[in-house]
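Novice: Fold the following, please.
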Amino acid sequence: MTMIDVGGLRHGIRLGQIHRVWNHGSLREFILSIFSQTKELPNEVKLEKLFNARNLQRFASIQIIWTNNLADHLQLEDDDTIMRIFSHASFLELHRICNIFPPRFIDETLRTLALLLPSNDKKTVA
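Specialist: Numbers count the residues shown, from 1 in each chain. Next up, the predicted model:
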């Protein structure tokens, strides 16, 4: 429903993921609490076409790990050598009209995916 891991694992471990527990309030309040720290960049910020996931791996030695957990999108780990990227753009597209996420959050997340994984870059798509 939200693509956010909630709660703990009784007999397991989560490597590199933040443990989030929802034990009170509405689901919307819980989601807003997770994403309330999201800072929006000014519209004037333009990054070079070279700024994509493939080049982050090649030039910055940042390993990309796909995640099913939306709350882990763009999370850096292990001294900033690992970046988690949410892998379900279709989920985001389907939730554009849903008001459970903060305003503009879905669009901003889709923009980061388009920046990191440009569809016109054949080597990134492959």
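
Novice: For the residue nearest the centre of the chain, which non-adjacent residue is closest in space?
Specialist: The centroid of the chain falls nearest to H73 when counting by C-alpha atoms, centre = their mean (1.8 Å). With C-beta to C-beta, 6 or more residues apart in numbering as the criterion, H73 has its nearest non-adjacent residue at 3.8 Å, and that residue is F86. From N, CA and C alone the C-beta is placed, and that goes for glycine too.

Novice: Kindly state the beta-bridge partners for that neighbour.
Specialist: Beta-bridge partners for F86, by DSSP bridges, are T67.

Novice: tell me, which helix in this structure spans the most residues?
Specialist: helix 105-116 (DSSP state H).

Novice: ok, and what's touching that one?
Specialist: Applying C-beta atoms under 8 Å, 6 or more residues apart in numbering, the contact partners of helix 105-116 are 35, 38, 40, 47, 51-53, 56, 70, 73-74, 85-86, 89, 92-93, 95-96, 98.

Novice: Do I have it right that H95 meets F101?
Specialist: Yes. If you go by C-beta atoms under 8 Å, H95 and F101 touch, sitting 6.6 Å apart.
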